[in-house]
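Trainee: Mind folding the following:
(one chain, ligands or ions: 2)
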Amino acid sequence: MPCLFCKIIAGEIPAKMVFEDDLTCAFNDINPQAPTHVMVVPRRHIGSLAESGAEDEELIGHLHLVAAQIAGSHGLSNGFRTVINTGRDGGQTVDHLHVHLLGGRAMHWPPG
Ligand code: AMP
Ligand code: ZN
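Mentor: Residues are numbered from 1 along each chain as shown. Ligands and ions are numbered 1, 2, ... in the order given. Presented below is the predicted three-dimensional model:
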């Protein structure tokens, strides 16, 4: 049974795509927490950062470079935040590795 983000990647569930390449795609979060809130996800299913391995090293770097590129194209010149939630305590709710790109407002620290 494909996961939610695998279904979005396959086009079986609609999403507003903002970026696509061979390895990744990025779409608007359905419940945005900032004016810009984009999910950057690998096309290949990886359950979480904790489930990733050495073979994913380049891919995980690529996800972050894609996030920075999208931040540029969305005019986030004042800065932005990238977040990976992992596991129950990390607040992960969708079990397909994703980088949150948040921007368009000042972020707070520490996160909740
Ligand atoms: P996390 O809680 O870190 O696992 O993040 C999962 C994110 O996926 C949340 O910010 C959700 O709002 C978002 N999300 C859930 N369902 C969808 C969907 N159908 N399309 C776009 N984003 C979604
Ligand atoms: Zn998946």
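Trainee: Give me the contact status of the longest strand belonging to the chain with ligand 2.
Mentor: For the chain, the strand with the greatest residue count under DSSP state E is strand 36-42. No. Using C-beta under 5 Å from the ion, strand 36-42 never reaches ligand 2; the gap is at least 7.9 Å. Every residue, glycine included, has its C-beta placed from N, CA and C.
Trainee: Note down every partner strand of that strand and its orientation.
Mentor: Partner strands and pairing direction for strand 36-42 (DSSP bridges) are strand 24-28 (antiparallel), strand 99-103 (antiparallel).
Trainee: Would you mind telling me which of the ones you listed is nearest ligand 2?
Mentor: strand 24-28 (11.6 Å; C-beta to the ion).
Trainee: In that closest one, which of the residues would be classed as buried?
Mentor: For strand 24-28, burial by neighbour count (16 or more other C-beta atoms under 10 Å) applies to 24-27.
Trainee: any idea of the mean pLDDT for it?
Mentor: Averaged across strand 24-28, pLDDT comes to 98.
Trainee: Stretch 102-112 now?
Mentor: Mean per-residue pLDDT for stretch 102-112: 95.
Trainee: can you list the residues of this structure near ligand 1?
Mentor: The chain comes close to ligand 1 at residues 4, 13, 15, 27, 29-31, 39, 85, 91-94, as judged by C-beta under 6 Å from any ligand atom.
Trainee: returning to that earlier point: how about the strands paired with strand 36-42 in TSV, adding distance to ligand 2?
Mentor: Shown next, in TSV, are the strands paired with strand 36-42 (distance: least, C-beta to the ion, whole Å):
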stretch	distance to ligand 2
strand 24-28	12
strand 99-103	14
